[in-house]
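Visitor: Quick one, structure for this:
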Amino acid sequence: MVKDINRIVTGAHYGLRDWLIQRVTAVLMIVYVLLLAFLFSFYPISDYAALKSLFASQWMRIASFLFFISLCWHAWVGMRNVLMDYIHATSVRLTMHIFVIISLFFYLIWFAEILWG
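Guide: As a prediction, the model looks like this:
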């Protein structure tokens, strides 16, 4: 005989998706850092002009932008989870969520302006 178990489901259930996002974005960031380490070891950066010429190519700008998108997404998932775990007042938590989202979006736009401006 199978018992009918009435479960009370609570929480947002971001677990597996958050775990996967954190791992994928971390791998993307590690690949970018290794790419930079490789380029810096074989491409002499002696001044600002050399550094600027490295980031002048479109592929490097796109790789850098993808890195920064990954960084922002990684930060968002981490901050959201920390805020959900430790800030219990809903209004304070919502305010902090909005502040983090606006900040990360501003940083992303600013980074794009730096790369293509």
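
Visitor: ok, then the element right after the one helix or strand in the chain whose mean pLDDT sits lowest?
Guide: For the chain, counting by mean pLDDT, DSSP states H and E, helix 48-54 ranks last in confidence among helices and strands (a mean of 90). Following helix 48-54 in sequence order, the next helix or strand is helix 58-86 (DSSP states H and E).

Visitor: what comes up buried for that next one?
Guide: 60, 63-64, 67-68, 70-74, 76-77, 79-80, 83 (16 or more other C-beta atoms under 10 Å). C-beta coordinates here come from the backbone N, C-alpha and C atoms, glycine included.

Visitor: what packs against the strand or helix carrying residue 93?
Guide: Residue 93 is located in helix 90-116, with elements delineated by DSSP H and E. Counting contacts by 3 or more C-beta pairs under 8 Å, 6 or more residues apart in numbering; DSSP states H and E, helix 90-116 is packed against helix 58-86.

Visitor: Show the pLDDT at the residue lying closest to residue 93 once chain neighbours are set aside.
Guide: Once flanking residues are discounted, residue 93 sits nearest to residue 87: 4.2 Å by C-beta to C-beta, 6 or more residues apart in numbering. Looking at residue 87, its pLDDT reads 92.
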